[in-house]
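Novice: fold the following, please.
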Amino acid sequence: MPHVLSGDARIYWRADGDTTLPTLVLGNSLGTDFSLWDPVLPRLMRHFRVVRYDMRGHGASDAPAGPYTMTQLTDDLAAVADAAGLEKFHYCGVSLGGMVGISYAARASNRLDKLVLSNTATGFDAAVWDTRIDAVERGGMAQIADAVMARFYTPAFVARNGLEYQRVRNTMLSLDPQGYIGCCAAIRDMSIAGALSRVSADTLVITGEHDMSTPPERGQAIAAQIPGAQITTLACAHIPMTELPCLWCDTVLGFLDAVPAYDEAQRYAVGLARRKQVLGAEYVERRLEAITPFNQRFQTLITQLAWGQVWTSSRFDDLTRRVAVLSMTTALGRWEEFELHVAAALRAGVEPEVIEETLVQASIYCGVPAANTGFALAGKIIAAHQTTPANRSSK
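Specialist: Prediction:
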C-alpha cells in the first residue's frame with residue numbers, strides 16, 4: 001500500500017482515475033476512513049483524478065500516541081500532496097477534513113485551486129471533546145458509535161439501516177481508539193478561525209439543514225470570513241456524500257466547473273465522441289456514412305441531445321444507463337434499438353447475466369411477451385458474441 005512518512009506517522013493514500021484529468025483530493029471526517037467516499041467515487045472519477053487518504057489515527061494510517069495537533073494533520077495533507085506529485089489541486093474535506101482544508105489553505109505554500117468545505121466548523125466547546133475522549137478511554141469505540149452515527153445521519157437514514165450506513169458504522173468500530181482520541185484532541189485544541197481571512201482559494205461551503213454537529217450557522221460564519229466564498233445548504237445531516245450522494249456531487253461538480261458549458265458545435269463533438277465510446281466507433285462511422293441531406297439535421301440533433309447531454313451526464317454510471325435503456329426499449333418494443341444496445345453492452349464487457357436479470361425484471365413490469373421477445377433477440381446476439389475469437393472463453 002502507498003504510504004508517505006509525515007512526522008512520526010505513515011499516512012496511507014491512494015490515487016484513482018485518469019492522470020490527464022485535474023486532481024481532486026478528499027479529506028475524510030473524524031471516525032471514518034478513505035472508504036467514506038466510495039458512494040461518490042465512480043462519479044468523481046469521471047471528472048477528476050481522485051486522491052484519498054486516511055487521517056492519522058484512522059484506517060491504514062499509523063495511530064501514534066497523541067494528542068495530535070491541527071498542524072500535524074495539515075502537515076499530513078501536505079505530505080500526501082508531495083507524494084502524489086501534485087502541483088495544483090482541488091481539495092474537498094468534510095468535518096475534520098474541512099478543518100484541515102482551512103488550515104492548509106491558509107498556508108502561503110498551499111497548492112490549491114479550489115476549496116470545498118463540507119459540514120465543518122472552526123471551534124467547539126472543549127468540554128464536549130473531553131467528554132468524548134473520556135467515553136472512548138472507558139469503553140472503546142463501541143461506547144460512542146451509536147451516538148455519533150445519530151449525528152452523522154438523519155433519523156430516516158439511520159432507520160433504514162442500509163449497507164452504506166452499516167459500512168460507515170463498521171469502519172468506526174474498527175478504529176484504533178488511540179488514534180481517534182488523538183484527533184479528538186486536535187479538534188478540541190485547534191485555533192483556525194483566524195486563518196479564514198488568509199484563505200485566497202475560491203471556496204464553497206456546504207452545510208446540512210439537519211446537521212447537529214456543525215449546524216448551518218457554523219458554515220455561514222466560515223463563508224462570511226472567506227473572501228468571495230459561496231455557501232449552500234443541503235437537506236442532510238453531517239455526512240452528505242453518503243446520505244445524498246447525487247445531490248452532493250451535483251453541488252460539488254457544479255462549483256468545480258467539472259461540467260463545462262458547450263456551444264452547439266462543441267456539444268456535437270462531445271456527443272459524437274461519447275456515442276462512439278458507448279456504441280463502438282465502427283458502428284457509428286457506418287451510421288455517419290449513411291447520413292443524407294434528408295436526415296442530417298435529425299442525426300445532428302440526436303448526437304447533441306442523446307449523446308452530448310444525456311449520455312455525458314455522470315449522474316448514472318454507464319452500466320446503470322445501459323440497463324435503463326434495455327428496460328425502456330423492452331417496454332416500448334423498440335427491438336432494433338434493443339438489439340443495438342445489447343450488442344454494444346456486450347462489447348463493453350457487460351456480462352450476459354446482467355442482461356438476463358434486466359429481462360427477468362422486465363417480465364414482471366413490462367409483461368412476459370415483451371421479455372420473451374427480448375430473451376430471443378438477446379440470446380442470438382449473446383451467442384454470436386461468444387463465438388467471436390476474442391470471446392470464445394466466455395460463457
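Novice: for the residue lying closest to M99 once chain neighbours are set aside, give me its contacts.
Specialist: The shortest distance from M99 to any non-neighbouring residue, by CB to CB, 6 or more residues apart in numbering, is to T120 (5.6 Å). All C-beta atoms are positioned from the backbone trio N, CA, C, and that covers glycine. T120 sits next to 93-99, 101-102, 214, 218-219, 222 when contact means CB atoms under 8 Å, 6 or more residues apart in numbering.
Novice: now do the contacts for S314.
Specialist: If a contact means CB under 8 Å, 6+ apart, then S314 has R43, R46, H47, C249, L253, V259 as its contacts.
Novice: how about a cut-off of 10 Å?
Specialist: Contacts for S314 were tallied using CB atoms under 10 Å, 6 or more residues apart in numbering; they are P42, R43, L44, M45, R46, H47, C249, D250, L253, A258, V259.
Novice: one more: G194?
Specialist: G194 touches A106, T122, Q225, counting by CB under 10 Å, 6+ apart.
Novice: so which of the contacts of T120 are in helices?
Specialist: Residues of the contacts of T120 located in helices (DSSP state H): L96, G97, G98, M99, G101, I102, R218, G219, I222.
Novice: which one is the second one nearest to, not counting chain neighbours?
Specialist: By that I understand G97. Nearest to G97 is G27, by CB to CB, 6+ apart, at 2.8 Å.
Novice: quick one, phi/psi of the one you found?
Specialist: The phi/psi pair for G27 (degrees, to the nearest 10) reads phi -120, psi 120.
Novice: for T329, the count of nearby residues, please.
Specialist: By other CB atoms under 10 Å, 21 other residues sit near T329.
Novice: and the contacts of stretch 135-142?
Specialist: Applying CB under 10 Å, 6+ apart, the contact partners of stretch 135-142 are 31, 143-145, 147-148, 169, 171-178, 180-181, 184.
Novice: same deal with stretch 346-354?
Specialist: Residues outside stretch 346-354 that contact it (CB under 10 Å, 6+ apart) are 277-280, 282-283, 318-319, 322-323, 326, 341-342, 344-345, 355, 357-358, 378-379, 381-386, 388, 390-391, 394-395.
Novice: the same query, at a cut-off of 6 Å, please.
Specialist: Stretch 346-354 has contacts (CB atoms under 6 Å, 6 or more residues apart in numbering) with G280, I382, H385.
Novice: hang on, the earlier thing: can you put the contacts of G194 in JSON lines and add pLDDT?
Specialist: As requested, these are exported to JSON lines (pLDDT from 0 to 100):
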{"residue": "A106", "pLDDT": "97"}
{"residue": "T122", "pLDDT": "97"}
{"residue": "Q225", "pLDDT": "97"}
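Novice: need the residues you listed in CSV with secondary structure, distance to V128 and neighbour count, can you?
Specialist: Converted to CSV, the contacts of G194 look like this (DSSP: H, G, I helix; E, B strand; the rest coil; distance: CB to CB, whole Å; neighbours: other CB atoms under 10 Å):
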residue, secondary structure, distance to V128, neighbour count
A106, coil, 24, 19
T122, coil, 14, 21
Q225, helix, 22, 16
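Novice: closest one of the residues you listed to F298?
Specialist: Using CB to CB, Q225 is the member of those that sits closest to F298, with 53.7 Å.
Novice: any idea how far G97 is from A348?
Specialist: Separation of G97 from A348 (CB to CB, to the nearest Å) stands at 35 Å.
Novice: and the closest residue to L196 other than its chain neighbours, how far from A201?
Specialist: Once flanking residues are discounted, L196 sits nearest to Q225: 3.9 Å by CB to CB, 6+ apart. For Q225, the distance to A201 equals 14 Å [CB to CB].
Novice: same check, this time on P64
Specialist: According to CB to CB, P64 and A201 sit 30 Å apart.
Novice: now swap in E137 and tell me
Specialist: 37 Å.
Novice: so what's R132 up against?
Specialist: Counting by CB under 6 Å, 6+ apart, R132 touches C184.
Novice: what strand or helix carries it?
Specialist: Under the criterion of DSSP states H and E, R132 resides in helix 126-139.
Novice: next: R14.
Specialist: Using DSSP H and E, the element containing R14 is strand 9-16.
Novice: for stretch 335-355, buried residues please.
Specialist: Neighbour counts using 16 or more other CB atoms under 10 Å place 338-347, 350, 352, 355 of stretch 335-355 among the buried residues.
Novice: check contacts around the residue lying closest to S103 once chain neighbours are set aside.
Specialist: Nearest in space to S103, with sequence neighbours left out and distances taken as CB to CB, 6+ apart, is T74 at 4.3 Å. By CB under 6 Å, 6+ apart, T74 lies in contact with V100, S103, Y104.
Novice: what strand or helix carries the closest residue to C246 other than its chain neighbours?
Specialist: Spatial nearest neighbour of C246, excluding adjacent residues (CB to CB, 6+ apart): R315 at 6.0 Å. Using DSSP H and E, R315 sits in no helix or strand.
Novice: any idea how far R315 lies from L244?
Specialist: Distance from R315 to L244, counting by CB to CB: 13 Å.
Novice: next one: stretch 200-209 to chain centre, how far?
Specialist: Here stretch 200-209 is found 17 Å from its chain centre; the criterion is CA atoms, centre = their mean, to the nearest Å.
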